[in-house]
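> Fold the following for me, if possible:
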Amino acid sequence: MKKEVRYITRKSIRNIQICCIWMYVFFSGVRVYASTTADSVYFHIKADTIREIRAGQVVELTYALVNSQFDTASYPVFNDNIEVVSGPKQHKCSSYTIVNGVGSKSDETCFSYLVRFRKSGEIQLPAASVTVGNRTYTTPECRVHVNSAGVDRKRLKCSLNVEQLVGDYVRYCATLTCNTRPDQNPPLLSINGETTRPSSTSYSGSEGKEEYVYRYYFNSEGYKVACEKLTFGGKAYKLRPRKCKKRH
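Okay, here's the model as predicted:
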């Protein structure tokens, strides 16, 4: 039986219904070649990655149609360089961008994949197309640079902590902190036997030091929190589970 994945948000946003809001940050490792168009409706590829992509890591690829809904879709065909872990999964999302101090909001109809790159180097992502009425939209060429899977195990460090919150809608916050990005994107926790995605993620880096922080909010009387799977460069990293017995 497939485990159900939980999503938990904090009190400040619990009354706002949002299918999903994703922020995608494109660094030098992701190059997108797009045709110039004045059409507010367009179809493109987004790579969900913080900082960089490494071989063996699970990365989310999203094919997004902006400001419209498609009638039919011709899905991408992945070659042997890209392993499809799951997908396609259809969903809707909204994005907000700021360019030269001017903000704009767009609605997107998407389908996403979780993929794993089998080798390093520059990899071209497969195109897809959708139809809207009598028009066809095709994704522009998109390439990503995939770094090698090598990880310095001597400097690798992760921690898992659970904090009890006071006066908030949720009772606990589990925080996974690593100085190297895990292969899993995002890493999942087992909280009281349920698979849980992070409620928020963040990245910071300066002077050659990096920090990846994943927070998971949850409610329970007691808890057992553990990493379902945590690997770096394909090798497992073990963290001691956190436990708190239910109070009677």
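
> Look up the closest residue to residue 45, ignoring the ones flanking it.
Using Cβ to Cβ, 6 or more residues apart in numbering and skipping the chain neighbours, the partner closest in space to residue 45 is residue 142 (4.4 Å). All C-beta spots, glycine's among them, are computed from the backbone N, C-alpha and C.

> tell me, how many neighbours does the one you found end up with?
A total of 21 residues lie near residue 142 under the criterion other Cβ atoms under 10 Å.

> How about residue 91?
For residue 91, using other Cβ under 10 Å, the count is 15.

> now swap in residue 217 and tell me
The burial count assigned to residue 217 is 22, neighbours taken as other Cβ under 10 Å.

> Surely it touches residue 163?
No: taking contacts as Cβ atoms under 8 Å, residue 217 lies outside contact range of residue 163: 10.1 Å.

> and for the two, which residues touch both?
Taking Cβ atoms under 8 Å, 6 or more residues apart in numbering as the contact rule, the neighbours common to residue 217 and residue 163 are 172, 173, 174.

> Now flag whichever of these is closest to residue 81.
Proximity of the shared contacts of residue 217 and residue 163 to residue 81 (Cβ to Cβ) peaks at residue 174, which lies at 34.8 Å.

> So which helix or strand of this protein has the lowest pLDDT on average?
Using mean pLDDT, DSSP states H and E, strand 30-32 stands out as the lowest-scoring helix or strand of the chain, at a mean of 37.

> how does the protein divide into domains?
As given by automatic domain parsing, the domain ranges for the chain are 30-147, 151-244.

> just flag whichever of the ones you listed has the lowest average confidence.
If you rank the domains of the chain by mean pLDDT, domain 30-147 sits at the bottom with a mean of 85.

> Hmm, residue 80 is touching residue 116, no?
No: with contacts counted by Cβ under 8 Å, residue 80 stays clear of residue 116, the gap being 12.0 Å.

> Which strands and helices lie in contact with the lengthiest strand in the chain?
What stands out as the longest strand in the chain, according to DSSP state E, is strand 82-99. When contacts are defined as 3 or more Cβ pairs under 8 Å, 6 or more residues apart in numbering; DSSP states H and E, strand 82-99 sits against strand 58-66, strand 102-117.

> JSON lines for those, including distance to residue 230?
Formatted as JSON lines, these follow (distance: least, Cβ to Cβ, whole Å):
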{"stretch": "strand 58-66", "distance to residue 230": "12"}
{"stretch": "strand 102-117", "distance to residue 230": "15"}
